[in-house]
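>>> pasting the structure only:
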């Protein structure tokens, strides 16, 4: 069923078209991902649906009774409020009207005619909007999200705040849920929880995200917003990328042929007097039409083009730690860590929020002092630090002054460049380069921070959540740059695909101060965790078998003289072959999961393989336990 549609929708800011006579429809159960470059107008599109922005022309038709809710991207303005009250506010005026109804119902004796009419009106509205179940829905959501309704928002971490915000959006029982960068600042566990929740959500979803793994898992359709046009791409994210690339290549080829034709006609019109006397007036009119078409063409946005200013090489050893430990308020953050970081290593720090990733970085840099152990730092280290909170940016200064500090030129890799030319590589035209930083979008601020960092020499690059708010093209270019970077990289990121594509090893923060080094990226971390879970399952089954085997001396004596039946003997003989077969199947499945292309498949395919992997691990554990039981 169609829930809403855009009809010839138009929206522009100045001369910049956001929507140019766009048609679009959303149907029940769809999970639509809205993609496009930073500044293309994706957030404005969502604001049109919530009424925060109005169209310049055209119309948006929403079916009667359809409820739209939006998961707010920014944290709540007030933190000293109970979780239940915060969720209840998502129902708008419904809570206030429900309270007004109860107040009137207690004072109906002697009430005026106006009060009676208001009472009946409120009663009808509660019936229509299901207001009677509001409090039970608040309770149910708190239980579902495992939150204490009486706790304060101020006690919640970033991931839990996002859960509370989602509950607030769901309290109105929306038919359409709008999400703007829902994975920002969430750790991987929270992102996976959100993925699963949204996959089970019965309504329609429109979401904006640059987390490619999240898009692959969730989207049933991709909507591409590019230069005012909205193009629908059914299917998965990889199919969209392939079609988009083909469309851009076709457009480039068409424009090249058009420009060649226009150039030929311009040469013709500028011929001598004889040619002008004999020229074809129809051809002149056609040339004018070509000129108008060329003037109206909206060019593709430029691509970010940047290089990192490389400092002199650091020493071969960058960091070496020996049995370092660190604790805060009695909680062990790092426990006897031995770590060796060599020049050229690209290491991801992986783990939940608050587990100690930033603490380790500050210990390595000398900003914090370890409680015990020794840290050895290499020579000639030049650090560039990308801070997720953008503390290195002066919000009151202009873009230009943040990079060049009042100068007109910068020196990069031995060459002098004008700062405005340098900033154009990061998609900041001269007018935008003179804008105060506080007026920039989140994606623009991240691009500016990259421009500021990469203009200075470095051989140790520390990136703390660099992917937030960046568009996909910039992310892919940043991946390429990091792979070519000759220095050392320490990366903190919850973008699973970005980690897979950039690092050579990962440090898994396993809790209780344990940090485990694993070769490879995020997929390799998952494979390690699955192997550990399998080992624990085998140990548990073995332990349970041993406990069952523990019997009274008399029972043990009886059983010791008991011979295996023919059927049990056959089972024991066949078990080694079965175990070998299951181990081979497990190895094949594990290789599939570890493949870089595995999570690029649809969520149905990946989940089916993961389920089969889990079943095979369980069968193997049972076979081992049975073999030990019969062999004993």
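That came through, no problem. What you see is a predicted model; the values in this text were computed from it and never measured.

>>> what is the rounded mean pLDDT of stretch 154-161?
The average pLDDT for stretch 154-161 rounds to 78.

>>> from the chain's centroid, how far away is that stretch?
18 Å (C-alpha atoms, centre = their mean, to the nearest Å).

>>> same deal with stretch 220-231?
Distance, centroid of stretch 220-231 to centroid of chain: 19 Å (C-alpha atoms, centre = their mean).

>>> secondary structure class for the spatially closest residue to residue 455 that is not a sequence neighbour?
Sequence neighbours aside, residue 410 is the residue nearest to residue 455 in space, at 5.2 Å (criterion: C-beta to C-beta, 6 or more residues apart in numbering). Using the backbone N, CA and C atoms, a C-beta is placed for each residue, glycine as well. Classification of residue 410 using DSSP: H, G, I helix; E, B strand; the rest coil returns strand.

>>> and residue 410, how close does it get to residue 401?
Distance of residue 410 to residue 401, computed by C-beta to C-beta, to the nearest Å: 12 Å.

>>> go on, residue 135?
For residue 135 relative to residue 401 (C-beta to C-beta), the value is 54 Å.

>>> these two: which has the busier surroundings?
Neighbour totals were compared for residue 135 and residue 401, and residue 401 leads with 17 against 13 (other C-beta atoms under 10 Å).

>>> pretty sure the more buried one sits against residue 393.
No: using C-beta atoms under 8 Å, residue 401 makes no contact with residue 393, being 10.7 Å away.

>>> shared neighbours, those two?
Listed as contacting both residue 401 and residue 393 by C-beta atoms under 8 Å, 6 or more residues apart in numbering is no residue at all.

>>> what residues sit buried inside stretch 464-481?
Across stretch 464-481, burial judged by 16 or more other C-beta atoms under 10 Å covers 464-472, 474-476, 478-479, 481.

>>> quick one: average pLDDT of it?
On average, stretch 464-481 scores 79.

>>> neighbouring contacts of it?
Outside stretch 464-481, the residues touching it (C-beta under 8 Å, 6+ apart) are 35-38, 181, 184-185, 210-212, 303-308, 358, 361, 385-388, 441-443, 445-447, 450, 491-495, 498, 501-502.

>>> now intersect those with the helices, please.
With helices taken from DSSP state H, the overlap with the contacts of stretch 464-481 comprises 212, 358, 361, 442, 443, 445, 446, 447, 450, 498, 501, 502.

>>> hang on, residue 69 in a strand?
Yes: per three-state DSSP, residue 69 lies within a strand segment.

>>> residue 255: neighbour count?
Using other C-beta under 10 Å, the number of residues around residue 255 comes to 14.

>>> hmm, I was thinking of residue 463
23.

>>> which intervals of the stretch 251-400 of the chain have sub-threshold pLDDT?
Where the stretch 251-400 of the chain drops to pLDDT under 70, the residues are 268-284, 287-288, 290-312, 388-391.

>>> show me where it has helices.
In the stretch 251-400 of the chain, the helices defined using DSSP state H, counting those that start in this stretch lie at 273-278, 281-296, 357-365, 399-404.

>>> can you check the stretch 1-150 of the chain too?
42-50, 83-88, 94-105, 113-129, 134-144.

>>> now the helix or strand harbouring residue 238: buried residues?
Here residue 238, judged by DSSP states H and E, is contained in helix 237-269. Neighbour counts over helix 237-269 (16+ other C-beta under 10 Å) mark 237, 240, 241, 243, 244, 265 as buried.

>>> repeat that for stretch 22-32.
In stretch 22-32, counting by 16+ other C-beta under 10 Å, buried: 22, 24, 26, 30, 31, 32.

>>> wait, what's in contact with the nearest residue to residue 411 once chain neighbours are set aside?
Of all residues not flanking residue 411 in the chain, residue 417 sits nearest, at 7.7 Å (C-beta to C-beta, 6+ apart). Shown in contact with residue 417 (C-beta under 8 Å, 6+ apart): 409, 410, 411.
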